[in-house]
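Visitor: Can you look at this prediction? I've put the sequence above it.
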2 protein chains.
Amino acid sequence: MSPRKTASQELTREIILEKARTQFVEKGFQQISMRSIAKQLGCSHGAIYYHFKNKAELFYAIVEVDFSKLNNLLEETIQGPEDDSTKLYNILIHFIEFGLNHQGQYEIMFMVRNTEVDSLSQTAANHSYQMFAQTVQSLSKKKLKIIDVWSAFLALHGFVSHYRGYVDNFEEAKLAAESHVNFIIKGLNG
Amino acid sequence: MSPRKTASQELTREIILEKARTQFVEKGFQQISMRSIAKQLGCSHGAIYYHFKNKAELFYAIVEVDFSKLNNLLEETIQGPEDDSTKLYNILIHFIEFGLNHQGQYEIMFMVRNTEVDSLSQTAANHSYQMFAQTVQSLSKKKLKIIDVWSAFLALHGFVSHYRGYVDNFEEAKLAAESHVNFIIKGLNG
DNA sequence: ACTTGTTATTAACCAATGGTCAATAAAAGG
DNA sequence: CCTTTTATTGACCATTGGTTAATAACAAGT
């Protein structure tokens, strides 16, 4: 009722992100509304707009965090103790694993096309790809053509794009993923 | 004004499809509204619902036609005079070509996930894949594992999924497409 | 021609959605 | 205690997909 809540109940970016994230992870960008988030927060949907410019910016803030985790994961893998061809295999698998275990995030980062999210996610996606490409190239036996690394990425992307929505997590598509990664490696080494 | 138009101005499924198609091809499923179609038709948006159950059904009717063209294209290719490895190459290229020259259709058929379109496009997409798989398998030198054919499809899908929205048509991505197809063939033959 | 029944269309309606904004009460600072 | 800043509300907007009662145009029967 009152136009401002008492200090202990005030909204913060963090509390909004927390609640938004759970809904987002469950249902994806399109399916959840600012009003449904507000409802769970116990505030009016207008209040959220005080903390975030719009829906896209709110969701990008979520996505950002997870994608820096992906980047870390790639970096860790490359510095691990395994031999290079094992590492290469792991990189490819981990990319798929990330995509299927963070489907909403993956969607915004690599699939949403209209102007909504765009310029933000564009550069971030690019950064993730750069990291991927660099990693793959440094791990491969022979000097790879960059265009082949790009093809490998697109092939991974196809896998995630397809299975997203059909499976709930990586585990459910693990066998297919392993086989697909082997296919890609054949393409890289062939 | 009047609750029914004179005979010569009456709507038909065909006239609706025709106008809807042009908007659809230009902007895609999400971006165009029943009202914008109605506006171009010079009728109220309610009238369209007399001819089509809902937006999904209307757009599926468009998509259906184009996808039967894809299926024909695959069939023609397999019966052409070229040798098998050329045919295989052509099949893969043609799939990408179709996807990038019919981006809206491809989107509905292979990418839209929410319940809207679903069961309709699901079976049609499956049919298209079956045809693709069968064709690829019959053209390959060695007996392919079906899982590799699936990987090849996913790799193509990744290409189309990515370039959709960045290019307007196949021509603009032709070089990349050719290289990607070679990558896939290495995976199949490797 | 008149009557009757069918059919295609409209316009008003509904519930959501993303987004904006004046009003305002709580907090912070002097 | 007064003033300014700040966070929130709730009413509003335009737009969307979809439904439905009312009704004019049509076709058929006589």
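Guide: On my side now, so go ahead.
Visitor: Any residue of the helix or strand encompassing A:Phe159 touching chain B?
Guide: Assigning secondary structure by DSSP states H and E places A:Phe159 in helix A:146-163. Yes - Helix A:146-163 comes into contact with chain B (Cβ under 8 Å from any Cβ of the partner chain), by way of A:147-148, A:150-159, A:161-162. Every C-beta, even on glycine, is put in place using the N, C-alpha and C of the backbone.
Visitor: of those, buried ones?
Guide: Burial by neighbour count, 16 or more other Cβ atoms under 10 Å in any protein chain shown: within these this picks out A:148, A:150-159, A:161-162.
Visitor: for those, which one is nearest B:Thr86?
Guide: A:Ser151 (20.3 Å; Cβ to Cβ).
Visitor: quick one: that closest one and B:Ala177 touch, right?
Guide: No - at 10.2 Å, A:Ser151 does not count as touching B:Ala177 under the criterion of Cβ atoms under 8 Å.
Visitor: Can you pull the residues that touch both of those two?
Guide: Taking Cβ atoms under 8 Å, 6 or more residues apart in numbering or on different chains as the criterion, A:Ser151 and B:Ala177 both touch B:Phe159.
Visitor: Give me the contact list for the helix holding A:Phe159.
Guide: Residues from elsewhere that reach helix A:146-163 (Cβ under 8 Å, 6+ apart): A:92, A:95-96, A:99-100, A:106, A:110-111, A:129, A:132-133, A:136-137, A:173, A:176-177, A:180, A:183-184, A:187-188, B:110-111, B:151, B:153-159, B:161-162, B:176, B:179-180, B:183-184, B:187.
Visitor: Near A:Ile32, how many other residues are there?
Guide: A count of neighbours around A:Ile32, defined by other Cβ atoms under 10 Å in any protein chain shown, yields 20.
Visitor: Give me the three-state assignment for it.
Guide: coil (DSSP: H, G, I helix; E, B strand; the rest coil).
Visitor: quick one: contacts for it?
Guide: With Cβ under 8 Å, 6+ apart, A:Ile32 has these contacts: A:Ala20, A:Gln23, A:Phe24.
Visitor: wait, what's in contact with the closest residue to the first one other than its chain neighbours?
Guide: Distance criterion Cβ to Cβ, 6 or more residues apart in numbering or on different chains; nearest residue to A:Ala20, sequence neighbours excluded, is A:Ile37 at 5.0 Å. The contact partners of A:Ile37, by Cβ under 8 Å, 6+ apart, come to A:Ile16, A:Lys19, A:Ala20, A:Gln23, A:His45, A:Ile48.
Visitor: Now, of those, which are buried?
Guide: For the contacts of A:Ile37, buried by 16+ other Cβ under 10 Å: A:Ile16, A:Lys19, A:Ala20, A:Gln23, A:Ile48.
Visitor: looking at it, the first one is touching A:Leu58, isn't it?
Guide: Yes - because the distance of 7.1 Å satisfies Cβ under 8 Å, A:Ile16 is recorded as touching A:Leu58.
Visitor: Report the set of residues contacting both of these two.
Guide: Shared contacts of A:Ile16 and A:Leu58, defined by Cβ under 8 Å, 6+ apart, are found at A:Ile48, A:Phe52.
Visitor: Can you say which helix or strand has the residue in chain A positioned nearest to DNA strand D in it?
Guide: The minimum distance from chain A to DNA strand D, using Cβ to the nearest atom of the strand, falls at A:Gly46 (2.5 Å). For A:Gly46, the enclosing helix or strand under DSSP H and E is helix A:45-51.
Visitor: What are the buried residues along that helix?
Guide: A:Ala47, A:Ile48, A:His51.
Visitor: Quick check: the second one vs chain B, distance?
Guide: From A:Ile48 across to chain B, the span is 23 Å (Cβ to the nearest Cβ, to the nearest Å).
Visitor: same thing with the last one?
Guide: A:His51 sits 27 Å away from chain B, taking Cβ to the nearest Cβ as the criterion.
Visitor: ok, and for stretch A:5-25, which residues are buried?
Guide: A:Leu11, A:Ile16, A:Leu17, A:Lys19, A:Ala20, A:Arg21, A:Gln23, A:Phe24, A:Val25.
Visitor: contacts for the lowest-mean-pLDDT helix or strand in chain A?
Guide: Across the helices and strands of chain A, mean pLDDT, DSSP states H and E gives its lowest value to helix A:119-139, namely a mean of 85. Helix A:119-139 is touched from outside by A:56-57, A:60, A:63-64, A:67, A:70-71, A:74-75, A:77-78, A:84-85, A:87-88, A:91-92, A:95, A:108-110, A:112, A:144, A:146, A:149-150, A:152-153, A:188, with contacts defined as Cβ under 8 Å, 6+ apart.
Visitor: Helices - which of those land there?
Guide: Mapping the contacts of helix A:119-139 onto helices (DSSP state H) picks out A:56-57, A:60, A:63-64, A:67, A:70-71, A:74-75, A:77-78, A:84-85, A:87-88, A:91-92, A:95, A:108-110, A:146, A:149-150, A:152-153, A:188.
Visitor: filter those residues down to the ones close to DNA strand C.
Guide: A:Ala56 (Cβ under 7 Å from any atom of the strand).
Visitor: confidence score at the residue in chain A that chain B sits nearest to?
Guide: Nearest residue of chain A to chain B (Cβ to the nearest Cβ) works out as A:Gly158 at 2.5 Å. Predicted confidence (pLDDT) for A:Gly158: 97.
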